[in-house]
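Chemist: structural data only, the sequence is not supplied:
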């Protein structure tokens, strides 16, 4: 069960338990001061709660349901390392911070994050960026979490 403990190691910030791959120095510095654009679209979700599905729906709305235009747009953008606000270890020992990736995207940007709403960059609330929050029932969320972590097994 030691591998389970490592997967769920957390630290507390403003009353929120955050996983260890959300680095405190990054959250308090570059993430809080991230440059937000007026045409940004922010999607805030819990992990495993419909993030990808909701992101696809928002992308289709952005391109008026035109799959060809959406595919052309998404093919021109390199795949991101993860949701906004996390630090991803690389094979060479370095760390890639996702705020750097999202900061380099052309407008309009779709920024996906698992950070709680109040931990978003301060400019999100000062500019005209759109923020969507996707929620699912807690019982569904915890079942998915336990199933994906291997605590619940289906035979």
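Modeler: Happy to help now that I have it. This one's a predicted model, so the numbers in the text were calculated from it and none came from an experiment.
Chemist: where does this protein have low pLDDT?
Modeler: Along the chain, the model assigns pLDDT under 70 to residues 1-8, 74-79, 81, 141, 152, 154-155.
Chemist: closest to the centroid, which residue in it?
Modeler: residue 113 (2.2 Å; Cα atoms, centre = their mean).
Chemist: next one: the closest residue to that one other than its chain neighbours from residue 124, what distance?
Modeler: Leaving aside its chain neighbours, residue 113 sits nearest to residue 84 (3.8 Å; criterion: Cβ to Cβ, 6 or more residues apart in numbering). For the C-beta atoms, the positions are set from N, CA and C on the backbone; glycine is no exception. To residue 124, residue 84 is 11 Å away according to Cβ to Cβ, to the nearest Å.
Chemist: enumerate every residue touching residue 97.
Modeler: 23, 26, 30, 86-88 (Cβ atoms under 8 Å, 6 or more residues apart in numbering).
Chemist: how near is it to residue 89?
Modeler: In terms of Cβ to Cβ, residue 97 sits 11 Å off from residue 89.
Chemist: re earlier: please list all residues in contact with the residue nearest to the centre of the chain.
Modeler: Taking Cβ under 8 Å, 6+ apart, one finds 42-45, 83-85, 120 in contact with residue 113.
Chemist: now the helix or strand hosting residue 52: buried residues?
Modeler: Secondary structure assignment for residue 52, by DSSP states H and E: helix 51-62. Residues 51, 54-55, 58-59, 62 are the ones in helix 51-62 that count as buried (16 or more other Cβ atoms under 10 Å).
Chemist: now these as TSV including distance to residue 150?
Modeler: Formatted as TSV, these follow (distance: Cβ to Cβ, whole Å):
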residue	distance to residue 150
51	21
54	26
55	26
58	31
59	32
62	37
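Chemist: ok, those residues vs residue 145, which is closest?
Modeler: residue 51 (13.7 Å; Cβ to Cβ).
Chemist: count the neighbours of the closest residue to that closest one other than its chain neighbours for me.
Modeler: Nearest in space to residue 51, with sequence neighbours left out and distances taken as Cβ to Cβ, 6+ apart, is residue 45 at 4.4 Å. By other Cβ atoms under 10 Å, the residues close to residue 45 number 22.
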